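S.K.: Turn this into a structure:
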Amino acid sequence: MYIAFSLQAAIAALHCQAAKAEETDWAQILQLYTLLEQLQPSPIVSLNRAVAIAMVEGHEAALVLMDAIATNLDGYHLFHAARADLLRRAGATEKAEKSYQRALTLVTNDSERRFLERRLREVQSK
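M.R.: Below you'll find the predicted structure:
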């Protein structure tokens, strides 16, 4: 249990150390999420690992992993938001639009809702 907390803290520290998102050490974050997934498997850890994979290896590899956990996270708005973002980056605007719409049906936070609505408008305008 303490090892899992240490891994989570290390991941958070790596995020905090980067002055800009593009300076984040995603390769190390991916390694830490891989360990965390082995120690404490959960769909949320797998989702976070998929995001790290997207940053290291590209969106295609991450989308394959996300498809594998989709059933477990269908009711989680951040799953759909992350998937939509990867689809948007991949140029799959119709699929991204559907994922943003699904995320919007689930989100409860107003600021997150506004962000998702803005992203949805962006993909709809393409």
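S.K.: mind listing the helices for this structure?
M.R.: Taking DSSP state H to define them, one finds helices in the chain at 2-17, 26-39, 43-57, 59-69, 77-90, 93-106, 110-124.
S.K.: Deepest in the core, which of those helices is it.
M.R.: Most buried of the helices of the chain, by mean neighbour count (mean count of other Cβ atoms under 10 Å): helix 77-90, with a mean of 21. Bear in mind the C-beta positions are built from the backbone N, C-alpha and C, glycine included.
S.K.: Tell me the pLDDT of residue 119.
M.R.: Note on residue 119: pLDDT of 97.
S.K.: do the one 5 residues further on as well
M.R.: Residue-level confidence at residue 124 comes out at 95, pLDDT.
S.K.: Nearest residue to it in space, ignoring adjacent ones along the chain?
M.R.: Of all residues not flanking residue 124 in the chain, residue 97 sits nearest, at 6.1 Å (Cβ to Cβ, 6 or more residues apart in numbering).
S.K.: Isn't that neighbour up against residue 123?
M.R.: Yes. Using Cβ atoms under 8 Å, residue 97 makes contact with residue 123 at a distance of 5.0 Å.
S.K.: who touches both of those two?
M.R.: Common contacts of residue 97 and residue 123 (Cβ atoms under 8 Å, 6 or more residues apart in numbering): residue 84.
S.K.: May I ask you to confirm that residue 18 is in contact with residue 26?
M.R.: No. Using Cβ under 8 Å, residue 18 makes no contact with residue 26, being 9.4 Å away.
S.K.: I am finished for the moment; much appreciated.
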